[in-house]
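**Student:** Could you work out the structure for the sequence below:
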Amino acid sequence: MKIIEVLKNYKLITAFFAVLFLASCSSDDDAAPEEENEVEIITDLTLVFTNSSDPSDVVMASAQDPDGAGVQELEVLDAINLTAGAEYILTLEILNALDSEDIEDITEEIVEEADEHQFFFSFTEDAFANPNGDGNIDNSSDPLNYNDEDENGNPIGLSTSWTTAATATADGTFTIVLQHQPDIKSATTGATDGDTDINVRFALNIQ
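**Tutor:** Model (predicted):
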């Protein structure tokens, strides 16, 4: 009789500790932090405008952030000076050069993760004949001439086409934004969706 009671007590104790173990595991799972999307470290951004009619006419404008993920932001080094009434192809060069002996080409990473990234642009109203308007940062459905797309048919923006207006623009602006949009990028996501990797405003002159 006593043996039966001992066995019953043993089973109760075992069950009690099993419940405690499961509760502890559940608590640990609940406390685990959510995985965060990694923001790219970018130290160098270069915009390269190449005249479609004259490939020798190349306009470059750069921004640099020497401390990468530190307190400094990308600082604009050049204005964008384009010719009126000309058509340009804009390509982008993006680097992480924190380690001068191991420079990382972020452009290649963006290509590899094309379904997670998109560039958006804004500019002084009617500075360009095509696209017209003021860009698609405020509204992603506004006109923008993307030359590249991801596997889902959504734009990327490492290559875009621009035709300057016939009239001059002085003291204009040209802003470029790169959004990192893992798991959410679609045909309708915009410049406020996801995490911002780049947000830089250049001075723009068309003459």
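
**Student:** Check the burial of Asn205 by counting its neighbours.
**Tutor:** By other CB atoms under 10 Å, 17 other residues sit near Asn205. All C-beta spots, glycine's among them, are computed from the backbone N, C-alpha and C.

**Student:** Please name the bridge partners of it.
**Tutor:** Asn81 (DSSP bridges).

**Student:** what's it in contact with, if anything?
**Tutor:** By CB atoms under 8 Å, 6 or more residues apart in numbering, the contact list for Asn205 reads Ala79, Ile80, Asn81, Leu82, Thr169, Ala170, Asp171, Gly172.

**Student:** Touching, Lys185 and Glu113? I think so.
**Tutor:** No. Taking contacts as CB atoms under 8 Å, Lys185 lies outside contact range of Glu113: 9.9 Å.

**Student:** Which one (most neighbours) among the contacts of Asn205?
**Tutor:** Neighbour counts for the contacts of Asn205, by other CB under 10 Å, peak at Leu82, which reaches 24 neighbours.

**Student:** show me what contacts Val200?
**Tutor:** Here Val200 is in contact with Leu45, Ala63, Leu74, Val76, Thr175, Ile176 (criterion: CB under 8 Å, 6+ apart).

**Student:** re earlier: from the contacts of Asn205, which is closest to Ile198?
**Tutor:** Ile198 has its nearest neighbour among the contacts of Asn205 in Ile80, at 15.5 Å by CB to CB.

**Student:** How much space separates that closest one from Thr188?
**Tutor:** From Ile80 across to Thr188, the span is 29 Å (CB to CB, to the nearest Å).

**Student:** still on that earlier bit, sort the contacts of Val200 by pLDDT and name the bottom one.
**Tutor:** Lowest pLDDT among those: Leu74, with 91.

**Student:** residue contacts, that residue?
**Tutor:** The neighbours of Leu74, taking CB under 8 Å, 6+ apart as the test, are Ile42, Leu45, Ala63, Gln64, Asp65, Ile198, Val200.
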